[in-house]
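Visitor: next come a sequence and a model predicted from it.
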Amino acid sequence: MATTFKPTLKMAANAKKGLKLREKFGRGGTEVGVRRAHQLSNRNEVSEADVKSMHSYFARHGVDKDGKTHEWGSSTDPSAGYIAWLLWGGDEGKTWADRNAAKLDK
């Protein structure tokens, strides 16, 4: 039987915030990121493949924090990268995905 993982409340809150910012500002994230945000915000079970996908996303997108267009962490002028990061669960999502991906690699 495949292992599944439950997103944390903080990851769900980050995903909800990302969806609200994306709707308000019309930027940030792809359709895949939006689907992930809905999955996390509803605290639906996350598969092993999803954990690995999240881990890979965060590994690729840490550089987005260095973007100069709009602001990382802003609620009034958020960067597209910040919104996308939230859609995937934010910093808590990264920590969670990294920890669970390491467990899966053992």
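Guide: Perfect, thanks for sending it.
Visitor: okay, and Gly81 sits in which element?
Guide: Following DSSP states H and E, one finds Gly81 within helix 80-87.
Visitor: so how far is that helix from its chain's centroid?
Guide: Put simply, helix 80-87 sits 7 Å off its chain's centre (C-alpha atoms, centre = their mean, to the nearest Å).
Visitor: again, but for stretch 74-87
Guide: Centre to centre, stretch against its chain (C-alpha atoms, centre = their mean), the figure for stretch 74-87 is 11 Å.
Visitor: again with stretch 63-83
Guide: 14 Å.
Visitor: about what we covered before: show me what whatever helix or strand comes next after the helix holding Gly81 is packed against.
Guide: Downstream of helix 80-87, the first helix or strand assigned by DSSP H and E is helix 90-105. Counting contacts by 3 or more C-beta pairs under 8 Å, 6 or more residues apart in numbering; DSSP states H and E, helix 90-105 packs against helix 9-25, helix 48-61. The way it works is simple: take the backbone N, C-alpha and C, and place the C-beta from them, glycine included.
Visitor: among the ones you listed, which is the most enclosed?
Guide: Of all those, helix 9-25 has the most neighbours on average by mean count of other C-beta atoms under 10 Å, namely a mean of 19.
Visitor: next, the angle helix 80-87 makes with that helix.
Guide: 140 degrees (axes from the mean of the first three to the mean of the last three C-alpha atoms, to 10 degrees).
Visitor: what angle separates helix 9-25 from helix 48-61?
Guide: With the same axes, to 10 degrees defining the directions, helix 9-25 sits at 60 degrees from helix 48-61.
Visitor: quick one: closest of the helices and strands packed on helix 90-105 to Thr69.
Guide: Comparing the helices and strands packed on helix 90-105 against Thr69 with C-beta to C-beta, the closest turns out to be helix 9-25 (11.9 Å).
Visitor: quick one: low-confidence ranges for this protein?
Guide: Where the chain drops to pLDDT under 70, the residues are 1-2.
Visitor: quick one: closest of the helices and strands packed on helix 90-105 to Gly93.
Guide: Minimum separation from Gly93 across the helices and strands packed on helix 90-105 (C-beta to C-beta) falls at helix 9-25, 4.8 Å.
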